[in-house]
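*Asks:* Structural data only, the sequence is not supplied:
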């Protein structure tokens, strides 16, 4: 198998596991309070990454870099996974993931404002399409047919993801990216577990096979292995391909949600998703980044 074929296989793996993460998470939430579930899966994934990163222990520099690890953990894990896991209780998984993947559009705006990245006509058109897409998806929240709170939480999840990415990009030169990911996931998971333990009850978790298997799958494949594959692709110069494949994730999420959760596909969902996909493509088509940060 050629290197290009291996890269394609890894990209397919990454997009598939990050896509099916959404309905699997919604299934797991039937058996656990949201914050405890979010904390359990991220701590397990973070500990796996720590074990993998141990041969590079000298690059951790925890005493020096802990403020960066903590800030990134709050933005990219505590807020992102917290809003995500709570919000999935209120709206369909496919709809929620579609709104969250407005993140590349928000990232385009923030990169222009705070990182000095270029802004041009095609990109501005793409940003406008992205907002129109979210407006289409949010019609149900305005009319009352779906939860407005769920839509707000999805937007908050996208916002925290974008802000976390900007923060990471501003500090990328100071940290080892594998340790950065391991630390932010582990620290964020511990914070979520603490908040969950204070506000929720461990006795409310139903430790059946469905919950355990879904949680382990997400922790191992979505969080730990997903990030390892991502870094392998980045190190091999495949960042552009990772970015171009990202728009497939909500499509897979919607398809998996229809199969696993019997969710319905509505016209405003189709229109909104097409607008967001078009937006992401237009925003990123002329952007060659050496690194782009994506969450699950």
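*Replies:* Alright, I've got the coordinates. Because the structure is a prediction, the values reported are computed rather than measured. Numbering: from 1, shown residues only.

*Asks:* Helix or strand, whichever it is, which one in the protein has the lowest mean pLDDT?
*Replies:* Lowest by mean pLDDT, DSSP states H and E among the helices and strands of the chain is helix 239-245, with a mean of 57.

*Asks:* That helix: what's the following helix or strand?
*Replies:* Of the helices and strands lying after helix 239-245 in sequence (DSSP states H and E), the nearest is helix 248-261.

*Asks:* That next one: which residues count as buried?
*Replies:* Neighbour-count burial for helix 248-261 flags 248-258, 261 (criterion: 16 or more other CB atoms under 10 Å). Any C-beta I mention is one placed from the backbone N, CA and C, and that applies to glycine too.

*Asks:* Pick the one among the residues you listed closest to residue 183.
*Replies:* Closest approach between those and residue 183, by CB to CB: residue 249, at 24.6 Å.

*Asks:* circling back to that earlier point, closest to residue 184 among the buried residues of helix 248-261?
*Replies:* Nearest to residue 184 among those: residue 249, at 20.3 Å, using CB to CB.

*Asks:* Not counting its neighbours along the chain, what's nearest the closest one?
*Replies:* Once flanking residues are discounted, residue 249 sits nearest to residue 19: 4.7 Å by CB to CB, 6 or more residues apart in numbering.

*Asks:* who touches that neighbour in this structure?
*Replies:* By CB atoms under 8 Å, 6 or more residues apart in numbering, the contact list for residue 19 reads 97, 248-253, 255-256.

*Asks:* make it 7 Å
*Replies:* Residue 19 is in contact with 249, 252-253, 256, counting by CB atoms under 7 Å, 6 or more residues apart in numbering.

*Asks:* average model confidence for the helix or strand containing it?
*Replies:* Secondary structure assignment for residue 19, by DSSP H and E: helix 3-28. For helix 3-28, the mean per-residue pLDDT is 89.

*Asks:* Same check on stretch 69-81?
*Replies:* Stretch 69-81 shows a mean pLDDT of 95.

*Asks:* Can we start the residue count at 24 from this point?
*Replies:* Shifting the count to begin at 24 puts that one at stretch 92-104.

*Asks:* Now do it: everything it contacts.
*Replies:* By CB under 7 Å, 6+ apart, the list of residues contacting stretch 92-104 from outside reads 61, 65, 180, 183-184, 186-187, 190-191, 203, 206-208, 210-212, 214-215, 318.

*Asks:* please redo it, this time with the cut-off set to 6 Å
*Replies:* Residues outside stretch 92-104 that contact it (CB atoms under 6 Å, 6 or more residues apart in numbering): 61, 180, 183-184, 186-187, 190-191, 206-208, 210-211, 214-215, 318.

*Asks:* of those, closest to residue 52?
*Replies:* Distance to residue 52 across these (CB to CB) is lowest for residue 61, with 9.5 Å.

*Asks:* Okay, the nearest residue to that closest one once chain neighbours are set aside and residue 301: tell me how far apart.
*Replies:* Excluding the flanking residues, the one nearest residue 61 by CB to CB, 6+ apart is residue 108, at 4.1 Å. To residue 301, residue 108 is 29 Å away according to CB to CB, to the nearest Å.

*Asks:* one step back: what would the buried residues of helix 271-284 look like in a markdown table with pLDDT and distance to residue 156?
*Replies:* Output for those, formatted as a markdown table (pLDDT from 0 to 100; distance: CB to CB, whole Å):
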| residue | pLDDT | distance to residue 156 |
| --- | --- | --- |
| 271 | 76 | 16 |
| 272 | 81 | 15 |
| 273 | 80 | 10 |
| 274 | 80 | 13 |
| 275 | 86 | 17 |
| 276 | 87 | 15 |
| 277 | 85 | 14 |
| 278 | 87 | 18 |
| 279 | 91 | 20 |
| 280 | 91 | 18 |
| 281 | 87 | 19 |
| 284 | 92 | 22 |
